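Colleague: following is a predicted model, sequence given first.
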Amino acid sequence: MTGISNSLLLGPIIVPLMGAALCLLLSQHNRTQRVVALIAGVIACLCSIGVLLANVQGDENTVQIYAVGGYAVPFGVVLVGDMMASLFAVMGTSVVAFGLLYCLDCRDHSLTYPVFMPAFLSAGAGLSGSFYTGDIFTFFVFLELMVMSSVVMVAVSDNRLGLEAAIKYIFISGIGSVLLLLGIAAIYATFGTLTLAHIAQELASGERPLLALPAAVMFMSAFLIKSAVVPFHFWQPDFHTTAPTPVSGLLSSVVVKVGIYGIIRTNTLLFTQEAPFIQNILIVLGVIGIFFGGLSALRTWNVKRMLAYSTLGQVGFILVAIGWGTPIALLAAIIYIVNHAYIKAGMLMLTGALASRIPGHSADLNRLEGAGRGLTLFSILFLIGGLALAGVPPFNGFISKLALIRGGVDTESWLIVGFVIAGGVLTLIYMTRTWQWIFQRPPRLDTNENDEDHQLGPDSLLAPALLLVLCVALGIFAAPLIEVAETTVTQLRQPAVYTCAVLPANLLSATPANTCPPPPLSLAIAP
Amino acid sequence: MTILFAVTTGLMFGLGVFQMLRRDLVKAAMGFYIVFTAVNLFMLSAGVFDGEVPAYTDQASKGQPSDPVVQSLILTAVVIGFGTYALLLSMINAAANRFNSVDSHEVDQLKG
């Protein structure tokens, strides 16, 4: 067990849960509830940044672990903060914190529902928990926590069809959970362990008992359902469109990434020998996703729905990068995942803030036509977000597209590089078309100023503006993110780093493929 | 015993999936719960060793204790499945009030 013990890993999970409990007690005081939730979200974000900084300061074999309850590793639940988990948790908790900042000044009726803020916080806890956990069953529990919290928030949405979308999602996601549970049971029946590192250790020996490969298939299906990849996507546009604005920002940017996190872990840690076969499937699904998402976004007339379809396309880009599987392509996938999270959250919150300025709070393009004329700040922010999503320099989307195309050139798969570029052009078309429609057209005249909702006043622009400024900053100062992503890829390519950090010495087999790296320097100095 | 577990799990899966595909949302919700129970049964049968006496009791000398891990997993999964089922039923109740129907063809107005 060479991992450095760090109790800060508990922070991003336990602080939102405590905040949720406090918010439930304050259910009569909606305003206080929102402030408490924001404070809890920010503390969780700071904890996850602390974990990431500790990883960055160590050498490339630094993995932080925390054995929950003090139980020894294969028997208890362990939290593992390797580079990928830490980076993803920072992404998740920061988007949650921005979402809570948006909630502070959001006028939607659904936010006054007493369990809305607790549900938001528990979704955040589930999110960081599923990234940090080193135990596959705990992963399932955190995933379900996240799914149920988001279902509650969408079911109480201002949009009356939110209930329908929530019912659809809970059925589809339930099937995904059933598959994941079946996979977990198959793994447990085969290896008698639930710790990811221990399973990886057993699988690395190359033996494939009867139930090991079915487990891989079930894990992959479950993760593809959870991340809304094209043949399993049909719940996603409904669910993300009808969600209240801060929730749709959370769902479309980071919740789909949990499934992708699972796919990367399955490919690089658990089933490394089957990875080439899985990756071929991922490339095909990714290319279909790029075009399906892009073309559907072109023909839809609701800005939120367009952004939800766009997420399908962007997840396709990420899957293609994971499918190539070379170090450069994996680097592109990691950068793409982080950058897309901030762009998409910012764009959805911006659209929500814009929709709150017109009667009926609708994101329908027919009603938004010309609604943005004269709103210069909105116009600039929308253009920044749109261009960043399409991958135009100097925004962060350009960095991720560039890395992706470099990964494709590296593997010499020219046809797919062509598809990727065409997908980028599609993104550019639908984003600029929408920008033009909202901000360049003459305004519609039939606006009804006496609408009841409209009297409540518009939502604050602060959270989307900060997110989109972050996008510009990540485009201009891209080096730190790229360095972190490089270390992530180095760790992903050596599953032994993860295994050795988590497992105690007596469980590590001494096969040459499994040789542990030397213990990190900081451990040698410690008493 | 293995055969019994296999046949029961298979039957419950079949029944659950059939129910889930029905148009009535309440029946579909029941199917959902049956599938979850089938998975729990599968997990019970997935214990790494066959038990003869309960785990963590003073009867350990009388035979092989049962596998406590699968039991705790099932306990957690039962709670999660039950919670999901309760949430689903409450949403179907709200949908019945809002759309005046529990027919999945009529609770289907999202387009685009």
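Modeller: On my side now, so go ahead.
Colleague: can you give me the strands in the chain?
Modeller: Going with chain A. A:4-5, A:64-67, A:78-81 (DSSP state E).
Colleague: contacting residues around the nearest residue to A:Lys168 once chain neighbours are set aside?
Modeller: In space, not counting the residues next to it along the chain, A:Lys168 is nearest to A:Trp235; the distance is 5.0 Å by C-beta to C-beta, 6 or more residues apart in numbering or on different chains. To be clear about C-beta, it is placed using only N, CA and C from the backbone, and glycine gets the same treatment. By C-beta atoms under 8 Å, 6 or more residues apart in numbering or on different chains, the contact set of A:Trp235 is A:165, A:168-169, A:172-173, A:228.
Colleague: would a markdown table of those residues with distance to B:Phe32, neighbour count and pLDDT be doable?
Modeller: Output for these, formatted as a markdown table (distance: C-beta to C-beta, whole Å; neighbours: other C-beta atoms under 10 Å in any protein chain shown; pLDDT from 0 to 100):
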| residue | distance to B:Phe32 | neighbour count | pLDDT |
| --- | --- | --- | --- |
| A:Ala165 | 17 | 24 | 92 |
| A:Lys168 | 12 | 19 | 91 |
| A:Tyr169 | 13 | 23 | 93 |
| A:Ile172 | 11 | 19 | 92 |
| A:Ser173 | 11 | 23 | 92 |
| A:Ala228 | 20 | 26 | 90 |
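Colleague: just the ones in helices from the residues you listed, please.
Modeller: Residues of the contacts of A:Trp235 located in helices (DSSP state H): A:165, A:168-169, A:172-173.
Colleague: out of these, flag the one nearest to chain B.
Modeller: Chain B lies nearest to A:Ala165 out of the ones in helices among the contacts of A:Trp235, by C-beta to the nearest C-beta, at 6.2 Å.
Colleague: neighbours of the nearest residue to that closest one once chain neighbours are set aside, how many?
Modeller: With C-beta to C-beta, 6+ apart as the criterion, A:Ala165 has its nearest non-adjacent residue at 4.0 Å, and that residue is A:Asp238. By other C-beta atoms under 10 Å in any protein chain shown, the residues close to A:Asp238 number 23.
Colleague: A:Gly475 is in contact with A:Asn396, correct?
Modeller: Yes. Using C-beta atoms under 8 Å, A:Asn396 is in contact with A:Gly475, at 4.1 Å.
Colleague: quick check: neighbours shared by those two?
Modeller: A:Ala388.
Colleague: neighbour count: these two, which is higher?
Modeller: More neighbours surround A:Asn396 than the other of A:Asn396 and A:Gly475, with 28 against 21 (other C-beta under 10 Å).
Colleague: next up, the contacts around the more buried one.
Modeller: With C-beta under 8 Å, 6+ apart, A:Asn396 has these contacts: A:339, A:342-343, A:388, A:471-472, A:474-475, A:478.
Colleague: near chain B, which residues of the stretch 301-450 of chain A are found?
Modeller: A:301-302, A:305 (C-beta under 8 Å from any C-beta of the partner chain).
Colleague: let's have these in JSON lines, adding neighbour count and pLDDT.
Modeller: Below are these laid out as JSON lines (neighbours: other C-beta atoms under 10 Å in any protein chain shown; pLDDT from 0 to 100):
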{"residue": "A:Trp301", "neighbour count": "15", "pLDDT": "87"}
{"residue": "A:Asn302", "neighbour count": "21", "pLDDT": "89"}
{"residue": "A:Arg305", "neighbour count": "23", "pLDDT": "91"}
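Colleague: restricted to helices, list these.
Modeller: Per DSSP H, these map to helices at A:Arg305.
Colleague: in CSV: the residues of the stretch 301-450 of chain A next to chain B, plus distance to A:Met347.
Modeller: Converted to CSV, these look like this (distance: C-beta to C-beta, whole Å):
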residue, distance to A:Met347
A:Trp301, 17
A:Asn302, 14
A:Arg305, 13
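Colleague: can you pull out the low-pLDDT segments for chain A?
Modeller: For chain A, the stretches with pLDDT under 70 are A:1, A:445-457, A:509-527.
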